[in-house]
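# sequence and predicted structure below; questions after.
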Amino acid sequence: MKHSSKKMFAGFALIAGLVAAGSVYAEGGTIANIKARGQLTVGTEAAYEPYEFIKDGNVVGYGKDILGYMTQKLGVKLNQLNLPFQGLLPGLIARKFDFVATSVGITEKRAAKFAFTEPIGEVRSMLVVKKSNKAIAKPEDIIGKVVGTQMGSLAQPAIQDFNKQLEAKDHKGYADLKLYQSYPDVSVALSNGTIDVGVLPSNVLSIEMRQRPNDYTIIGEVGARKLLAWVVNPKDPDIRTFINQTIDEMRANGKLAELQKKWFGQTMDLPAANYLPPGAL
């Protein structure tokens, strides 16, 4: 999930620099405008595999495939700009692209300023052990064990809160929580036995299990899931309507589930309603 604690002025400075460099951008507006231009321009930070990432110099992933469906439906070309995240939301408001097509976590603060689409994905904090470890089969079995996750991640407070629940119930929790700089470090620690249990986000785990299908067993999850969506300029309701209708169409015809299986190895139960926090646009 993208982190939005970046300062807004840095984003505006970034966009100003790009415009000064002569980049050509879309202007938002309506679906009719996009069709007239013959091009859909979106802003993406391609750094969140398998949602959006760079492979062989090109943006690929789950989101790119959804965009491919949309551009085919519109009969236009796709211009996907790979930009640092801090430039995306300011650039959207400045109408530098039609919408933000990157995995943005839906939060109350963001939803009060920006128009979120229906969720296109989610992040869950998953508990995993080595497949050879038969002693830990469910979340409650982490009592007395060494657990590891990435420092400052969504998973860290999730596992800490779960530990408090265990302590309140049984007066004991995990033996130790080790925090690492990155999720790959967590995976290495799990593989070499430094930790007994790893707490990994579902998108990262899907990659790990695709690459090493015989290494891990999922024993459960902790915390609440975080819904991810794309973002539209609040002044462009026609574009948000088109995106939502297309997501509904892809859900109905099975294409969305097909892409989820392709990139994550399983489908997601994503809401089509009641997903926005109070006060959302």
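Looks like it arrived, so ask away.
# how far is the helix or strand that contains Asn203 from where the chain is centred?
In this assignment (DSSP states H and E), Asn203 forms part of helix 202-211. A distance of 13 Å separates the centroid of the chain from that of helix 202-211, by Cα atoms, centre = their mean, to the nearest Å.
# averaged pLDDT, whatever helix or strand comes next after that helix. What do you get?
Counting by DSSP H and E, the next helix or strand C-terminal to helix 202-211 is strand 216-232. Mean per-residue pLDDT for strand 216-232: 97.
# quick one: strands adjacent to strand 216-232?
In the sheet, strand 216-232 lines up against strand 99-105 (antiparallel), strand 115-130 (antiparallel) (DSSP bridges).
# highest mean neighbour count out of these?
Using mean count of other Cβ atoms under 10 Å, the stretch among the strands paired with strand 216-232 with the largest mean neighbour count is strand 99-105, at a mean of 26. C-beta here means a position set from N, CA and C on the backbone, and glycine is covered the same way.
# which outside residues touch that one?
Outside strand 99-105, the residues that touch it by Cβ atoms under 8 Å, 6 or more residues apart in numbering are 1-2, 4, 28, 42-46, 48, 51-52, 63, 66-67, 80, 85, 88-89, 92, 110, 116-117, 120-121, 123, 226-233, 236, 239-240, 243.
# for Ala135, grab the count of nearby residues.
8 (other Cβ atoms under 10 Å).
# can you give me the helices for the stretch 1-150 of the chain?
Listed in chain order, the helices of the stretch 1-150 of the chain (DSSP state H, counting those that start in this stretch) span 8-20, 31-37, 62-74, 88-93, 108-111.
# lowest mean pLDDT across the ones you listed, which one is that?
Among these, helix 8-20 carries the lowest mean pLDDT, a mean of 43.
# contacts only, for the closest residue to Arg124 other than its chain neighbours.
Residue nearest to Arg124 in three dimensions, not counting chain neighbours: Ser202, with 4.2 Å by Cβ to Cβ, 6 or more residues apart in numbering. Ser202 makes contact with 122-126, 221, 264, according to Cβ under 8 Å, 6+ apart.
# if you set the cut-off to 7 Å instead, what comes out?
Taking Cβ atoms under 7 Å, 6 or more residues apart in numbering as the criterion, Ser202 is in contact with 123-124, 126.
# ok, these vs Asp176, which is closest?
Met126 (19.5 Å; Cβ to Cβ).
# residue contacts, the closest one?
200, 202, 205, 218, 221.
# that one bridge partners, please.
The residues that Met126 bridges to, once DSSP bridges is applied, are Leu200, Glu221.
# how close does it get to Leu227?
Distance, Met126 to Leu227, using Cβ to Cβ, to the nearest Å: 16 Å.
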